[in-house]
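[1] Here you go, sequence then predicted model.
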Amino acid sequence: SPVATGSARPWRQVKRQTSQLRDSYDFVIAGGGTTGLTIADRLTEAFPEKTVLVIEYGEIQPTPGTFDPPQTVWGGAVIGQAAYWTFNSLPNPDVKNKTGLVLAGKTVGGSSAVNGMFFDRPAQVDFDLWSNIGGAGLKSWDWDGLFPFFKKSVTFTEPTAEVVQKYGYTWDMSAYGGTTPIYSTFPPFLWADHPIMRNAWKELKVKVQKECAGGFKDGLCWIPISENPMTARRSHAGIGHYAAVNTSRSNYDLLVRHQVTKITYPNGLDTGPPVVQVKSLVTEKLFNVSAKAEVILSAGVFNTPSILLRSGIGPDNYLSTAGISLVHHLPGVGSNLQDHSGPGISWNYTLPFEASMWPLPSAMLDPDFVANATADFDKIPARGPYTLAQSNTALFLSLSKMASSTLARSISTKMRQIVSAKTSASYLPRESRAHPELVAGYDAQLLALAKFYENPLAPTLEVPWATGTAARLIFLHSLSRGTVRLNLSSPLDQPILDFRTASNPIDMLVHLAHVRFLRKIYQTPTMQRYGAVEVAPSEEIANDDAKLADYVKDTMTFSFMHPCCTAAMLPPKKGGVVGPDLKVHGLKGLRIADMSVLPVLPSSHLSALAYAVGEKAAHAIIEEWDGKAKGKGKGKR
Ligand SMILES: Cc1cc2nc3c(=O)[nH]c(=O)nc-3n(C[C@H](O)[C@H](O)[C@H](O)COP(=O)(O)OP(=O)(O)OC[C@H]3O[C@@H](n4cnc5c(N)ncnc54)[C@H](O)[C@@H]3O)c2cc1C
C-alpha cells in the first residue's frame, strides 16, 4: 500500500555548506531534478560502497499539487516563485514579435515538483521516430528498450470500484508494475461537465483507448496524475527519490543552493571524469568537486547546455563569438531546441445544463462548498475537487486521421522537398547553418517526421481536457528549431532562449488543420444538446487561411512547458551530443541524462519520460560499473 508521503515529510541529511562535503565522490550529479534524483536513488541503492553527490541550485520548497488548498480562488494556484526558473524567449518575428514564457523547477525535485502532474507516456511510434532519425544505434531506445523502465519508474494505484463506476476510468495493469515511491493514480473526483468533450470526441468517431501508457495512444485517453493516492499530495522526485530513501543511504549526499558553473578537464580530454566547478549561492565562493567514476549533467534543457557552453564545449563559431575558449567542438549543444506549442479555441453554451450536472467549477465560489472540499481533501484517502490536477482526459490524433489524406500527404511531400532541394538549412537558426552536422540531423528529422505525419497511429495533435468552454490545441511535432545561448553580459545567469516557433512555415499548415478539425465538435449531438456556439475563431476566420494563421499567432502558446532536445542523443555526424549510452561524444567520464538528450519531442508530456530516462540511465551506469568491479575480481555486490 502506498506510503503517505506529503510535502510535510521530514527532509534529513541535506547539505547546505561546502564544509559538509567529502573530499571526493564516486558519482557527481549536476541537478537534483526529475532525472537526476532518479539516477541518484538507483546508484546509491545499487552501490552502497560508492558515494553519490547531487548538486542542486534550488532549495527544498513547499511544492503543493496543482489545486491544493488553501486558495482564495480555486485554480489560482500560485506556487512559491522561488521554486521556479522563469524564462522569456526572444521576441519571435514569425509570431508577431511575441515572447514566450516558460518555467522550470528550481528546487529539489526539479520540474516534477512544480509541473501540472499530467502523467502520460509517449507512444511506440515516438521511439520508432527516434531510430528513424538516429539510425540503428538508437535501437536500444525503442519501445521494448524503454517500456520496462516506464513500468519500473512508477507505482500506479488503481481507483476504487466506486470511483470507476462514477467516472468510467479504464486502464490496463500490464502497463504498470513498479514499486518505487513515485506514485500515479486517477483522482477520485471529476467536474460534472467532464464527459461533454469525451462524448463529443466519441461522436466524431475517434478511437477510444482502454490504456494509453502501453505504447498506443492515438485516440481518446484517460490520463493518470502524479499524486499520492492516499493523501492526494503531489508525488515528485524530491520526495520519492530523495526524502523517502536517503535516511538509509549514508552514501547519498545532496547539496542544495549551489550552482554547477562549469566542468574542466585539467589533464586533457582523454583523462576523465571532469572536475566540477561549483558556486555557493550563499557565500558566492567557487570551489571544485571531483568524481572518481563519472559526472552526470542533469540540470535540465536550458541549464545543461549552459554548463557545457560555459565550459567551452559547444559550437565553435558560437563560442568564438562569445569569447569563450574552445575546449571541444560539439555543434549540437544548445541547438535543436523544441517545445510543444499551439493555439486555443473557445465556445459558449446557450442552453442550460441539466440540474444533475453538478458540481461545476463555479461551485468553488460558494464558501460552504469550498469548506467541504477542504475537509474532503484532508481525509485519508483524500477526496473532492482539490485532488484534481490540470486534466485527466486527452485526445491524441494523427494528421492523416483528422485532415484529408491529400492534405496530410501534401504536407509530408513539402517536408521531403525541402530535403531534396537542399534548402533545409535556411529553416535553421543562422548560426546552425554553418554546421553540416546540424543540417544533416535536421534533414534526417524532416524525412522521419514526413513518414510520421503519414502514419495514422502517430499523433500530431493533443487536446488535454478537464472542464469549461475553451481548449488548447497542442502541436506535438513541430518542425521549428530554436537555441539556448548564454547571457554573455552575465554568463552565470539564466540563458537566452530563442524558440523560433513557427519559423518553419509548414508548422502553420498543421496548426490550421488542427483548428479546423477541432471546430467539428460544435456539430456533435452532445455539444448541440447544450447549444454550443463558437466564440473563437469564427466561421469567417476559419475559412480563410491567412486570417486563421493570424488567429493562431494571436492565441499561440509558445511553450506547454515541454522543452527538450538541446543535447540530442544522435550520432556526431547528425549533430548529436550524446550516444545511446548517454556519454558525451568525445569526452571521458561525462554523461547527460535529462530531457535535453531527446532527439525530437515525443507525443507526450515529459515527466514520465524523464523518470524512465533516469531509470534507463541508472541501469546503464550500474551495469558498466558492476562490470568494471567484476573485471577487477571484486565479484558481484
Ligand atoms: C510548469 C511546468 C508544468 C509542466 N507540466 C507537466 C505535466 O503536467 N506533465 C508532465 O509530464 N510534464 C510536465 N512538465 C514537464 C516535466 O515536468 C519536465 O520536462 C521534466 O520534469 C524535466 O525533467 P529534467 O530532469 O529534464 O529536469 P528538471 O526536473 O527540471 O531538473 C533540473 C534540475 O537542475 C537544477 N539545476 C539547473 N541548473 C543547475 C546548475 N547549474 N547547478 C545545479 N543545479 C541546477 C534545477 O534547479 C532543477 O532542479 C512541466 C514542466 C513545468 C516547468
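    Thanks, I have the structure now. Numbers count the residues shown, from 1 in each chain.

[2] how about the residues of the stretch 101-250 of the chain that lie near the ligand?
    When proximity is defined as Cβ under 6 Å from any ligand atom, the stretch 101-250 of the chain approaches the ligand at 103-106, 110-112, 114-119. Where C-beta positions appear, they are placed from N, C-alpha and C, glycine not excepted.

[3] Once you drop chain neighbours, what's closest to whichever residue of the chain sits closest to the ligand?
    Closest residue of the chain to the ligand, Cβ to the nearest ligand atom: residue 33 (1.7 Å). Using Cβ to Cβ, 6 or more residues apart in numbering and skipping residues adjacent in sequence, the residue nearest residue 33 is residue 110, 2.0 Å away.

[4] before we move on, back to that, sort out which one of the residues of the stretch 101-250 of the chain next to the ligand lies nearest residue 151 for me.
    residue 119 (13.5 Å; Cβ to Cβ).

[5] how far away is that closest one from residue 615?
    Distance, residue 119 to residue 615, using Cβ to Cβ, to the nearest Å: 15 Å.

[6] likewise residue 37?
    From residue 37 to residue 615 the distance is 12 Å (Cβ to Cβ).

[7] between these two, which one's more packed in?
    Neighbours per residue, other Cβ atoms under 10 Å: of residue 37 and residue 615, the larger number sits with residue 37, 35 against 26.

[8] Show the contacting residues for the more buried one.
    54, 108-110, 237-238, 240-242, 614 (Cβ atoms under 8 Å, 6 or more residues apart in numbering).

[9] give me the number of residues near residue 563?
    The burial count for residue 563: 28, using other Cβ under 10 Å.

[10] How about residue 36?
    31.

[11] Dump stretch 471-489 to PDB, keeping only the CA atoms.
    Output of stretch 471-489 as PDB, limited to C-alpha atoms (Å, rounded to 0.1, in the frame of the first residue of the first chain):
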ATOM      1  CA  ALA A 471      -9.400  24.100 -25.300                       C
ATOM      2  CA  ARG A 472      -5.700  24.200 -26.200                       C
ATOM      3  CA  LEU A 473      -4.500  22.500 -29.300                       C
ATOM      4  CA  ILE A 474      -1.000  21.200 -28.600                       C
ATOM      5  CA  PHE A 475       1.100  20.600 -31.700                       C
ATOM      6  CA  LEU A 476       3.200  17.600 -30.700                       C
ATOM      7  CA  HIS A 477       5.800  17.500 -33.500                       C
ATOM      8  CA  SER A 478       6.800  20.900 -34.800                       C
ATOM      9  CA  LEU A 479       9.500  21.400 -37.400                       C
ATOM     10  CA  SER A 480      10.800  24.700 -36.000                       C
ATOM     11  CA  ARG A 481      14.100  24.600 -34.100                       C
ATOM     12  CA  GLY A 482      15.500  27.100 -31.600                       C
ATOM     13  CA  THR A 483      18.500  27.700 -29.500                       C
ATOM     14  CA  VAL A 484      19.700  28.100 -25.900                       C
ATOM     15  CA  ARG A 485      22.600  30.500 -25.600                       C
ATOM     16  CA  LEU A 486      24.400  32.200 -22.700                       C
ATOM     17  CA  ASN A 487      23.600  35.600 -21.500                       C
ATOM     18  CA  LEU A 488      27.000  37.000 -22.300                       C
ATOM     19  CA  SER A 489      26.700  40.000 -20.100                       C
END
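
[12] For that stretch, give the mean pLDDT please.
    Taken as a whole, stretch 471-489 has an average pLDDT of 98.

[13] Wondering if it reaches the ligand at all.
    No: shown here: stretch 471-489 not in contact with the ligand (Cβ under 6 Å from any ligand atom), separated by at least 11.4 Å.

[14] buried ones in that stretch?
    Judged by neighbour count (16 or more other Cβ atoms under 10 Å), stretch 471-489 contains these buried residues: 471-486.

[15] Strands of the stretch 451-600 of the chain, start to end?
    459-465, 470-472, 474-475, 483-485, 496-498, 532-536, 590-592 (DSSP state E, counting those that start in this stretch).

[16] Sheet partners, orientation included, of the second one?
    In this case it means strand 470-472. strand 344-349 (antiparallel) (DSSP bridges).

[17] by how many degrees do the partner strand and strand 459-465 diverge?
    Put simply, strand 344-349 runs at 40 degrees to strand 459-465, going by axes from the mean of the first three to the mean of the last three Cα atoms, to 10 degrees.
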